[in-house]
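Chemist: One predicted model, sequence on top.
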Amino acid sequence: MRSTNPYLNFDGNTEEAFNYYRSVFGGQFEGVVRYKDFPDMGAPPAERDKIAHIALPLGNGAILMGTDVLTSRGQNLVAGNNFYIALEADTSEHADQVFAGLSAGGQVEMPLQRVAWAEKYGSCRDKFGINWMVSFTGSVRFTLPTGS
């Protein structure tokens, strides 16, 4: 496994939370992407400035990541779905293997597929209720806008 990182979901206050985490841990954001940066996601005007992705390096390769959930997309924040464990696989085949294993007996939220930031990305909840994001970046080089 190339990396394992916590991925946190928030109910519209990701930016506030990550500014707080930055004050605690120090460092600079690797990027701040808002839903308006992904026009194909169809976020309504009231949600376009919400955080689609933010990353704060914690040191030694660990990165704290997060997002705002969008009620317009049927996402609701409840205890238990406010975090994921994000895995970056070494190969495309490894991503397939890990995703198949974690989703067996659980629930696929988004099947593995090509997305703007990875050759393969998918999310699932395993049979024990733990949320996972599996990705293989491969040759995709999505540049995140810098933010503060």
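Modeler: Cool, got the structure. Numbers count the residues shown, from 1 in each chain.
Chemist: thought residue 25 was touching residue 63?
Modeler: No: with contacts counted by Cβ atoms under 8 Å, residue 25 stays clear of residue 63, the gap being 10.9 Å. Any C-beta I mention is one placed from the backbone N, CA and C, and that applies to glycine too.
Chemist: Neighbour count for those two, which is higher?
Modeler: Ranked by neighbour count (other Cβ atoms under 10 Å), residue 25 and residue 63 place residue 63 first, with 18 against 12.
Chemist: any idea how far residue 33 is from that one?
Modeler: 14 Å (Cβ to Cβ, to the nearest Å).
Chemist: Could you do residue 55 as well?
Modeler: The separation that residue 55 has from residue 33, given Cβ to Cβ, amounts to 9 Å.
Chemist: Same question for residue 126.
Modeler: With distances taken as Cβ to Cβ, residue 126 is found 27 Å from residue 33.
Chemist: More neighbours: these two, which one.
Modeler: With other Cβ under 10 Å as the criterion, residue 126 and residue 33 differ in neighbour count, and residue 33 comes out ahead with 19 against 16.
Chemist: How is this protein divided into domains?
Modeler: Segmentation of the chain into domains, based on automatic domain parsing, reads 1-70, 89-141.
Chemist: tell me the contacts of the residue in the chain sticking out farthest from the centre?
Modeler: Relative to the mean C-alpha coordinate of the chain, counting by Cα atoms, centre = their mean, the farthest residue is residue 105 (22.3 Å). If you count contacts by Cβ atoms under 8 Å, 6 or more residues apart in numbering, residue 105 has them with 126-127.
Chemist: need the domains of the chain in a markdown table with distance to residue 76 and mean pLDDT, can you?
Modeler: Formatted as a markdown table, the domains of the chain follow (distance: least, Cβ to Cβ, whole Å; pLDDT from 0 to 100):
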| stretch | distance to residue 76 | mean pLDDT |
| --- | --- | --- |
| domain 1-70 | 7 | 89 |
| domain 89-141 | 13 | 91 |
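Chemist: Need the ones you listed in CSV (columns: distance to residue 82).
Modeler: Below are the domains of the chain laid out as CSV (distance: least, Cβ to Cβ, whole Å):
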stretch, distance to residue 82
domain 1-70, 5
domain 89-141, 9
